[in-house]
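Q: Give me the fold of what follows.
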Amino acid sequence: MLNTDGIVAQDTQQSTALWGLREDITVALAQAGHVYKYDFSLPLEHFYEIVEQVRERLRDVGTETHTVGYGHVGDSNVHLNVCTPGRRGVTPEVMEVIEPFVYDFVRDCGGSISAEHGLGQMKPDKIYHTKSQTNVDIMKQMKELFDPNGIMNPYKHISYHV
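A: Predicted coordinates for the structure are as follows:
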């Protein structure tokens, strides 16, 4: 991946302004309509490709959509957001185009659907798109080792069984 354009903050004021812009993306999308949010890690060569492919796939859907991607190049973390302006709730024809495509794309590129924000409550059944049963078992053992009392993310006990 070759970066041909970018901005690096020169001081604290610029850094604060850049972070403000980044945080405003989520707010603006949520105000505009329903947002389908995804958090993946992808190899850098595919970092923005998923945004482009989702945009292309949604082009022929009869619903207006805006696809936005941003993230952290340093750890290959992509935040993919698809907004349906003026709508609230899931639009079936949009969801059919997005899923399972995004999970298959991440798997096929050697990425992970469990990235910066973890697996979350919305996709525990998707873990097997990018992780084997052995890997999931090891993840469970690590969780039990480091959090035997279940105090991290309390009340969010998720089963990884499909």
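
Q: and the residue most central in space within the chain, what are its bridge partners?
A: The geometric centre of the chain, computed from its C-alpha atoms, lies nearest to Asp39 (Cα atoms, centre = their mean), at 1.6 Å. The partner list for Asp39 in beta bridges (DSSP bridges) reads His79.

Q: Hmm, Asp75 and it touching each other?
A: No - if you go by Cβ atoms under 8 Å, Asp39 and Asp75 don't touch, sitting 11.6 Å apart. Quick note: C-beta positions are derived from backbone N, CA and C, even for glycine.

Q: Could you pull out the strands in this structure for me?
A: With DSSP state E as the criterion, the chain has strands at 33-41, 66-72, 77-85.

Q: For Gln141, find the nearest of the ones you listed.
A: Closest approach to Gln141 among these is made by strand 33-41 (21.4 Å; Cβ to Cβ).

Q: that older thread, so which of the strands of the chain is nearest Ser15?
A: So among the strands of the chain, strand 66-72 is nearest, using Cβ to Cβ, at 14.7 Å.

Q: buried sites along the closest one?
A: Buried residues in strand 66-72, counted by 16 or more other Cβ atoms under 10 Å: 66-71.

Q: how about the residues you listed, which pair is most distant?
A: Greatest spacing in these, by Cβ to Cβ: His66 and Gly71 (16.9 Å).

Q: returning to that earlier point: would you turn the strands of the chain into CSV with distance to Ser114?
A: Below are the strands of the chain laid out as CSV (distance: least, Cβ to Cβ, whole Å):
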stretch, distance to Ser114
strand 33-41, 8
strand 66-72, 15
strand 77-85, 11
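
Q: Would you mind giving those strands as JSON lines with mean pLDDT added?
A: Converted to JSON lines, these look like this (pLDDT from 0 to 100):
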{"stretch": "strand 33-41", "mean pLDDT": "91"}
{"stretch": "strand 66-72", "mean pLDDT": "90"}
{"stretch": "strand 77-85", "mean pLDDT": "93"}
